[in-house]
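Chemist: quick one: sequence and predicted model below, then my questions.
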Amino acid sequence: MALIVQKFGGTSVGSVERIEQVAAKVKKFRDNGDDIVVVVSAMSGETNRLIDLAKQISEQPVARELDVMVSTGEQVTIALLAMALIKIGVPAVSYTGNQVRILTDSAFTKARILQIDAQNIHKELKAGRVVVVAGFQGVDEAGNITTLGRGGSDTTGVALAAALKADECQIYTDVDGVYTTDPRVVAKAQRLDKITFEEMLEMASLGSKVLQIRAVEFAGKYSVPLRVLHSFQEGPGTLITLDEEESMEQPIISGIAFNRDEAKLTIRGVPDTPGVAFKILGPISAANVEVDMIVQNVAHDNTTDFTFTVHRNDYQNALQVLEGIARDMGAREVIGDTDIAKVSIVGVGMRSHAGVASRMFEALAKENINIQMISTSEIKVSVVIEEKYLELAVRALHTAFELDAPAGKVE
Ligand code: ADP
Ligand code: ASP
Ligand code: MG
């Protein structure tokens, strides 16, 4: 008998029919003798609908109130799923984040889980009930409702699995596993049987939204066996593993991630003197804007250009701060660009292979795609390109690194 935490995403609970299908699936596991804790998201589209409502009142809604509202999406689905389970004879009970006591910090809209009280859940399981927990939400020390950031139900699932010492955390979604890249963009993408935590962490942080990054962090930290599976199709899914096998077939690149969430800012003609980077990025950081990629160009005539990227949500804010800095420093001009995208290749195989970056640049050059910025780490290479070439770039790289599914084997 195992204890399994199963998380079902928005499309998997997107209608009453789907919720009944989920209930039937949970029943099967339970009939097998397993103890089940289910974590659910809001019905698909619901979180966006609620955020849109708030934005009709204010472009920047008060974060505390936004969390009070968006957390209702999950409250609906836990109740519906518990009802559906009870209807088919499975004793079940729903719990909000607050009722479990998923304690978080007070960073509304992006709170971090600090502690989970596993007692209530263990008691319910002992009494033979399936426990249905609301994903994405928690409560802070003062009793305020908090949410964990978009895609946060994944993190609820993994954190619960860690707290309950579950045998496995299963993330059920609308694809049958983690693919070499988003299968919606590349039809020839292939499902991976396994991927290491390290690679999955990079993929998630570089834009693959199949798992929220904090869920992967948690799973790695607490060694939670984690698997991504299709909600309604049988199959092995993808196991996120600790071990990094050095096999002959190990591909150099495991996956390609991309994101359209960034914007680029350039300050031109700043004096090339010590402390420039700090003078520019100090105030940006003080404005609570996180910087991702940074490039400082070679100086001519003792001045230089400095370029960096930020999240698109922070673009206006960063632009304003930068314009102030430019005036103070007597810089030539500030240029902003929101039509950019970041494409990254990820793989632990890169450690033992040279020439991976140049192979990437060659593939992009062949498609005439200009690279605006580059950043590398031990297991990834990222480039910033014009957004309109994003899909072309991802497909070209997928082919260049021999990730395409063989003809006739498209899943
Ligand atoms: P859920 O609502 O179940 O949490 P998400 O939409 O958050 O589902 O995540 C699943 C989606 O992630 C897939 O439909 C797919 O389009 C996208 N995705 C992006 N990158 C990948 C990848 N490498 N492998 C699989 N899916 C990916
Ligand atoms: N409902 C939340 C969202 O849409 C959390 C989740 O689905 O994981 O982001
Ligand atoms: Mg998700």
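Modeler: Looks like it arrived, so ask away. Ligands and ions are numbered 1, 2, ... in the order given.

Chemist: phi first, then psi, for the residue nearest the centre of the chain.
Modeler: Nearest to the geometric centre of the chain sits Gln212, at 3.1 Å (C-alpha atoms, centre = their mean). With angles defined as degrees, to the nearest 10, Gln212 sits at phi -70, psi 140.

Chemist: pretty sure it sits against Thr155.
Modeler: Yes - with contact defined as C-beta atoms under 8 Å, Gln212 reaches Thr155; the gap is 5.3 Å. Every C-beta, even on glycine, is put in place using the N, C-alpha and C of the backbone.

Chemist: overlap in contacts, the two.
Modeler: 148-149 (C-beta atoms under 8 Å, 6 or more residues apart in numbering).

Chemist: nearest spatial neighbour of the residue in the stretch 1-150 of the chain that ligand 1 sits nearest to, chain-adjacent residues omitted?
Modeler: Proximity of the stretch 1-150 of the chain to ligand 1 (C-beta to the nearest ligand atom) peaks at Gly9, 1.7 Å away. With sequence-adjacent residues excluded and distances taken as C-beta to C-beta, 6 or more residues apart in numbering, Gly9 is closest to Thr173, at 4.6 Å.

Chemist: can you pull the contacts of that neighbour?
Modeler: For Thr173, the contact set (C-beta under 8 Å, 6+ apart) comprises 8-9, 11-12, 210, 228-231.

Chemist: highest neighbour count among those?
Modeler: When these are compared by neighbour count (other C-beta atoms under 10 Å), Phe8 ends up highest, at 29 neighbours.

Chemist: doesn't Val40 make contact with it?
Modeler: Yes - under the criterion of C-beta under 8 Å, Phe8 makes contact with Val40 at 5.2 Å.

Chemist: list residues touching both of the two?
Modeler: Val22.

Chemist: got the buried residues for stretch 17-33?
Modeler: Buried positions in stretch 17-33, judged by neighbour count with 16 or more other C-beta atoms under 10 Å: 18-23, 25-27, 29-30.

Chemist: can you list these in a markdown table and add distance to ligand 1?
Modeler: Shown next, in a markdown table, are those (distance: C-beta to the nearest ligand atom, whole Å):
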| residue | distance to ligand 1 |
| --- | --- |
| Arg18 | 11 |
| Ile19 | 14 |
| Glu20 | 17 |
| Gln21 | 14 |
| Val22 | 12 |
| Ala23 | 17 |
| Lys25 | 14 |
| Val26 | 16 |
| Lys27 | 20 |
| Phe29 | 18 |
| Arg30 | 21 |
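
Chemist: need the residues you listed in JSON lines (columns: secondary structure).
Modeler: Shown next, in JSON lines, are those (DSSP: H, G, I helix; E, B strand; the rest coil):
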{"residue": "Arg18", "secondary structure": "helix"}
{"residue": "Ile19", "secondary structure": "helix"}
{"residue": "Glu20", "secondary structure": "helix"}
{"residue": "Gln21", "secondary structure": "helix"}
{"residue": "Val22", "secondary structure": "helix"}
{"residue": "Ala23", "secondary structure": "helix"}
{"residue": "Lys25", "secondary structure": "helix"}
{"residue": "Val26", "secondary structure": "helix"}
{"residue": "Lys27", "secondary structure": "helix"}
{"residue": "Phe29", "secondary structure": "helix"}
{"residue": "Arg30", "secondary structure": "helix"}
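
Chemist: okay if I get those as TSV plus pLDDT and distance to ligand 2?
Modeler: Formatted as TSV, the buried residues of stretch 17-33 follow (pLDDT from 0 to 100; distance: C-beta to the nearest ligand atom, whole Å):
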residue	pLDDT	distance to ligand 2
Arg18	98	14
Ile19	98	15
Glu20	98	20
Gln21	98	18
Val22	98	14
Ala23	98	19
Lys25	97	18
Val26	98	18
Lys27	97	23
Phe29	95	21
Arg30	95	24
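
Chemist: number of nearby residues for the closest residue to ligand 1 within the stretch 251-400 of the chain?
Modeler: The nearest approach of the stretch 251-400 of the chain to ligand 1 comes at Gly255, 5.6 Å away (C-beta to the nearest ligand atom). Neighbours of Gly255 under the rule other C-beta under 10 Å: 28.

Chemist: just to check, it is in contact with Leu192?
Modeler: Yes - at 7.3 Å, Gly255 counts as touching Leu192 under the criterion of C-beta under 8 Å.

Chemist: show the backbone phi and psi for the residue of the stretch 251-400 of the chain closest to ligand 1.
Modeler: phi -160, psi 170.

Chemist: for it, give its distance to ligand 2.
Modeler: 21 Å (C-beta to the nearest ligand atom, to the nearest Å).

Chemist: ligand 1 contacts on this protein?
Modeler: 9-12, 41, 151, 173-175, 178-179, 181-184, 208-210, 255 (C-beta under 6 Å from any ligand atom).

Chemist: which of the residues you listed fall in helices?
Modeler: With helices defined by DSSP state H, no entry of those lies inside them.

Chemist: so, low pLDDT: which residues of this structure?
Modeler: Scanning the chain for pLDDT under 70 picks out the ranges 244-249, 408-411.

Chemist: now do the helices in it.
Modeler: Going by DSSP H, the chain shows helices at 16-31, 46-57, 63-70, 72-87, 97-100, 119-126, 153-164, 197-205, 213-221, 276-286, 315-329, 356-366, 390-400.

Chemist: re the thing from before, who are the contact partners of the residue nearest to the centre of the chain?
Modeler: 148-155, 204.

Chemist: excluding its backbone neighbours, what's nearest it?
Modeler: For Gln212, ignoring the flanking residues on the chain, the nearest one in space by C-beta to C-beta, 6+ apart is Gly151 at 3.8 Å.

Chemist: find residues that contact each of Gly255 and Leu192.
Modeler: Common neighbours of Gly255 and Leu192 (C-beta under 8 Å, 6+ apart) are 178-180.

Chemist: just name the closest of those to ligand 3, please.
Modeler: Ranked by distance to ligand 3 (C-beta to the ion), the shared contacts of Gly255 and Leu192 are led by Val178 at 12.3 Å.

Chemist: out of the residues of the chain next to ligand 1, list just those in strands.
Modeler: The strands, defined by DSSP state E, take in 173, 255 from the residues of the chain next to ligand 1.

Chemist: for PyMOL, what selects the buried ones among the contacts of Gln212?
Modeler: To isolate the buried subset of the contacts of Gln212 in PyMOL, counting by 16+ other C-beta under 10 Å, use the following:
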select buried, resi 148+151+152+153+154+155+204
